[in-house]
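Peer 1: Build me a model from this:
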Amino acid sequence: MHHMNDAKLLLPCPHCGATNRLPAARIDEAPVCGKCGESLLAGQPIDLDDTSFDAVVAATKLPVVVDFWAAWCGPCRMMAPAFKQAAAQLQGRALLVKVNSDDSPGLSQRYGIRSIPTLLRLQGGRETARQSGAVPASTIVALATA
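Peer 2: As a prediction, the model looks like this:
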């Protein structure tokens, strides 16, 4: 049986595109790309799914803002740049993650996601705030730092 925090994340480097395997337990250690040495998180949202989500949430001390989205959802696509912007502004203060609700039905069900996009704020694994609908970066930042 695998220990939950042995979970490995596959993080694409936002600078050179190389895929990095990162133990979830090291998510708060400002990981850098093994190929180019640049910051892997560099204000980028991280894509998580049913298999990687719990390990990351358990490993980070930061508040986590989760964007539940799907490829077919227009408002989700509209909000994506704002979510990315918020991730850049919140670097080191919050972890912004994206969960594709079609690919991760378990998480959508667990959090009772009925409409997308829905943003959740988790602190220590517990939901502390929720926001439905596409919102601007300022609202995402406010939600993260609430």
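Peer 1: Please point out which parts of the longest helix along the chain sit buried.
Peer 2: Ranked by number of residues, the top helix in the chain under DSSP state H is helix 74-89. By neighbour count on 16 or more other Cβ atoms under 10 Å, the buried set for helix 74-89 is 76, 79, 80, 82, 83, 84, 85, 86, 87, 89. All C-beta atoms are positioned from the backbone trio N, CA, C, and that covers glycine.
Peer 1: which secondary structure element contains the nearest residue to the fifth one once chain neighbours are set aside?
Peer 2: Translated: residue 83. Closest residue in space to residue 83, ignoring its immediate chain neighbours: residue 67 at 5.3 Å, by Cβ to Cβ, 6 or more residues apart in numbering. Per DSSP states H and E: residue 67 is located in strand 64-69.
Peer 1: Can you classify the residue nearest the centre of the chain by secondary structure?
Peer 2: With distances taken as Cα atoms, centre = their mean, the residue of the chain nearest its centroid is residue 97 (0.8 Å). Secondary structure state of residue 97, per DSSP: H, G, I helix; E, B strand; the rest coil, is strand.
Peer 1: Does it have any beta-bridge partners, and if so which?
Peer 2: Residue 97 has these beta-bridge partners by DSSP bridges: residue 46, residue 66.
Peer 1: That one contacts residue 69, correct?
Peer 2: No - using Cβ atoms under 8 Å, residue 97 is not in contact with residue 69, being 10.8 Å away.
Peer 1: Which residues does the least confident helix or strand in the chain by mean pLDDT contact?
Peer 2: Lowest by mean pLDDT, DSSP states H and E among the helices and strands of the chain is strand 8-12, with a mean of 81. The contact list for strand 8-12, computed with Cβ atoms under 8 Å, 6 or more residues apart in numbering, reads 18-24, 27, 31, 40-41, 46, 48, 52, 55-56.
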